[in-house]
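1. can't give you the sequence, but here's the structure:
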């Protein structure tokens with residue numbers, strides 16, 4: 001587990017916020033491969049995985065986008081949407097269940113629903 005601080009919050013579409021997270025101590029973060037995610041500890045023992053966006057080369061920040069799901073019984077997205085700049089959170093990761101193969105000559109990327117976000121990073 002590692003603590004991060006919310007550096008920026010931006011509403012990017014109806015019900016979707018992008019969070020820029022950085023190291024509390026101002027140091028560097030571990031790099032990640034496209035398609036990776038962070039597991040955010042969302043209070044009261046809850047944890048939600050959110051896809052990291054971007055190439056993974058910016059080692060000073062992580063970016064995730066979260067769709068507000070008020071009807072969810074878990075409440076992770078509501079917890080995330082209450083975060084403000086300066087708030088501290090705890091995360092696990094980054095980790096990837098399907099890293100891209102850099103030596104492959106061709107890739108076929110097919111996704112739907114929440115699977116679109118990590119595949120956009122692959123693309």
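-> Noted; the coordinates are in hand. Every value quoted in this text rests on a predicted model; they were computed, and no experiment measured them.

2. What about residue 71, how many residues nearby?
-> 5 (other Cβ atoms under 10 Å). Yep, even glycine has a C-beta here, placed from its N, CA and C like the rest.

3. check which helix or strand covers it.
-> When elements are assigned from DSSP states H and E, residue 71 belongs to no helix and no strand.

4. That one and residue 39: what is the separation?
-> 22 Å (Cβ to Cβ, to the nearest Å).

5. before we move on, what about residue 15?
-> For residue 15, the distance to residue 39 (Cβ to Cβ) stands at 22 Å.

6. any chance you could map the strands in the chain?
-> Remark: strands assigned in the chain by DSSP state E are 2-13, 16-23, 37-41, 47-51, 62-67, 88-95.

7. is it true that residue 9 touches residue 16?
-> No. Judged on Cβ atoms under 8 Å, residue 9 makes no contact with residue 16 at a distance of 11.3 Å.

8. Let me see the contact set for the closest residue in space to residue 22 that isn't next to it in sequence.
-> Closest residue to residue 22 apart from its sequence neighbours, by Cβ to Cβ, 6 or more residues apart in numbering: residue 7 at 4.6 Å. Residues in contact with residue 7 (Cβ atoms under 8 Å, 6 or more residues apart in numbering) are 20-22, 61, 85.

9. cool, residue 16 as well?
-> So residue 16 contacts 65-68 (Cβ under 8 Å, 6+ apart).

10. Let's have those in CSV, adding pLDDT and distance to residue 106.
-> Formatted as CSV, these follow (pLDDT from 0 to 100; distance: Cβ to Cβ, whole Å):
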residue, pLDDT, distance to residue 106
65, 91, 28
66, 93, 32
67, 91, 31
68, 93, 37
